[in-house]
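Visitor: Build me a model:
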Amino acid sequence: MCLLTYLPAGIAPDLTALVRGAVHNPHGHGYAVVAGDRILVGHGLDAARVIAEFDTVRARFSDGPALFHSRYATKGAIDLGNCHPFHLGGDGRTVLAHNGTLPKRVHPRAYDHRSDTRIAAEDYLPTEPFGSIDTRRGARGLTSWLGSSKLVILTVDSAYRHRGYIFNEQAGIWHEEIWYSNTGYRPQAQPAHWERLICGGCLHFPRDRVGRYCPLCGWCFHCETRLLECSCWTARFSDTDRSPRPLRLARALPAQPSPRSSASSR
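Guide: Have a look, this model is predicted:
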């Protein structure tokens, strides 16, 4: 499915939305940020690391557009080389990222481990088969070729009129000034199992967690606060020991019988 996110100039990312997209699409992640006359690009298979890195880079360079992509592999190997975004024809001034399945023309052949988007970025689209995307004919030709797919292009090449382009924009969703290629960023009506495993403090997936606290940062999964602010801890003191000790949660204590049930038992 993939989740492609586009941020206009001046807009900060919604990290929770990116984490949701990364969990649904776990096969590689990447970002691109326009920073003056260059584009900063990052890739990785570790969602938490890439999202944190993107957040840092975006905070420093917020004057231009940016994108983030989480991949669900349909064509090509699951490796770092197939993580979006890709440089267009090897030109570091222009990158693209895509959500969907492209036409068969760019599908990988036998023994080609590249994804369809990577093949399009490296071999097909650099030839400008539809003409300049700044012309109506070129933009319509590319949009028609994409079908139901969505494509984002970022560039600092002066040959382009704009620094950011969204193709098939209407097929995506604008939410709080951020464009998403599908609903993969949204929370479910009830938290799914994977959402309950995400640490709200450090955005990691502590699979070795024992108890209610994140072993990395101390985030409490019950009251959703950091350890020092956790409402699940109540300080109680004795005459000999003044250190705070944990008490059971109220909901963990045996339920008290209601007056009605007590009366009926008599």
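
Visitor: CA only for contacts and neighbour counts going forward, please
Guide: OK.

Visitor: Strands of the chain, start to end?
Guide: Assignment of strands within the chain using DSSP state E yields the ranges 3-7, 29-35, 38-44, 66-70, 86-88, 91-99, 150-155, 164-167, 173-175, 178-180.

Visitor: winner for burial among the ones you listed?
Guide: Neighbour counts averaged per stretch over those are highest for strand 66-70, at a mean of 30; criterion: mean count of other CA atoms under 10 Å.

Visitor: related to what we said a few turns ago, including distance to Y111 and mean pLDDT, could the strands of the chain go into a markdown table?
Guide: Compiled in a markdown table, those are given as follows (distance: least, CA to CA, whole Å; pLDDT from 0 to 100):
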| stretch | distance to Y111 | mean pLDDT |
| --- | --- | --- |
| strand 3-7 | 27 | 98 |
| strand 29-35 | 23 | 98 |
| strand 38-44 | 23 | 98 |
| strand 66-70 | 24 | 98 |
| strand 86-88 | 20 | 98 |
| strand 91-99 | 22 | 97 |
| strand 150-155 | 26 | 98 |
| strand 164-167 | 30 | 98 |
| strand 173-175 | 36 | 96 |
| strand 178-180 | 33 | 98 |
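
Visitor: So which of those strands is nearest T135?
Guide: Proximity to T135, assessed across the strands of the chain by CA to CA, is greatest for strand 164-167 (12.6 Å).

Visitor: partner strands of the closest one, parallel or antiparallel?
Guide: Within its sheet, strand 164-167 is paired with strand 150-155 (antiparallel), according to DSSP bridges.

Visitor: Make sure G100 is actually in contact with N168.
Guide: No. Counting by CA atoms under 8 Å, N168 is not a contact partner of G100; they are 11.1 Å apart.

Visitor: so what sits against both of these two?
Guide: When contacts are counted by CA atoms under 8 Å, 6 or more residues apart in numbering, G100 and N168 are jointly contacted by 148-150.

Visitor: who's in contact with G64?
Guide: Taking CA under 8 Å, 6+ apart as the contact definition, G64 lies against 8-10, 33-36, 163.

Visitor: Could you check how far it is from G90?
Guide: Distance check for G64 against G90: by CA to CA, to the nearest Å, it reads 21 Å.

Visitor: Neighbours of P215, how many?
Guide: Neighbourhood size, P215 [other CA atoms under 10 Å]: 15.

Visitor: Next, it: phi, psi?
Guide: Torsion angles at P215 (phi, psi; degrees, to the nearest 10) stand at phi -70, psi -10.
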